[in-house]
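Pasting a predicted model and its sequence here:
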Amino acid sequence: MLLQWNKYAQRLGDKGYKIMESLLLINDPKLNGTAISIELPNEGSKLDFEKELNGLLGHLKGHLHNHDITIEVIVNESFENKRSFNDQDRYNRLLEINPNIELLRTTFGLDLDA
């Protein structure tokens, strides 16, 4: 389920729907039987998410061959983004994308602490 969820998010991102992509990837949805629940940080995010809900459901139902899937959106105002964005995390993510970043860093003597 998570694989198809992420594929759908990537497809939206490729089409230019970056806000919806980030809402889908803000945290991992939880699966309980055929019910999927996702936590979002506020009502505005929930409204944006619900606009794309039918497309997401159609994608999941078709690719998972299960037409009993439902999605529940939970608004948690005290929600904290589970992804950390300090300098080291950003560097590690860039290093995953392009290992040549390490060569660039060492060649020019760049340091994350500076």
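Yep, that arrived. Keep in mind that this is a model prediction, so the values were computed, not measured. Residues are numbered from 1 along each chain as shown.

Please make it C-alpha for all contacts and neighbour counts, starting now.
Will do.

Burial check on Leu103, number of neighbours?
Neighbours of Leu103 under the rule other C-alpha atoms under 10 Å: 10.

distance of it from Leu23?
From Leu103 across to Leu23, the span is 34 Å (C-alpha to C-alpha, to the nearest Å).

do the same with Asp87
Using C-alpha to C-alpha, we find Asp87 at a distance of 23 Å from Leu23.

More neighbours: which of these two?
Leu23 (18 against 11).

I'd assumed Leu40 was in contact with the more buried one.
Yes - under the criterion of C-alpha atoms under 8 Å, Leu23 makes contact with Leu40 at 7.5 Å.

which residues touch His67?
By C-alpha atoms under 8 Å, 6 or more residues apart in numbering, His67 lies in contact with Lys61.

Give the helix, strand or coil label for it.
Of the three states, His67 takes coil under DSSP: H, G, I helix; E, B strand; the rest coil.

From Tyr91, how far off is it?
41 Å.

Could you do Glu39 as well?
Taken as C-alpha to C-alpha, the span from Glu39 to Tyr91 is 27 Å.

Specify which residue of the two has the higher count of neighbours.
Glu39 (21 against 15).

Enumerate residues external to the worst-scoring helix or strand of the chain on mean pLDDT that contact any of its residues.
In the chain, the helix or strand scored least confidently by mean pLDDT, DSSP states H and E is helix 87-97, which has a mean of 80. For helix 87-97, contacts defined as C-alpha under 8 Å, 6+ apart pick out Ile101, Glu102, Leu112.
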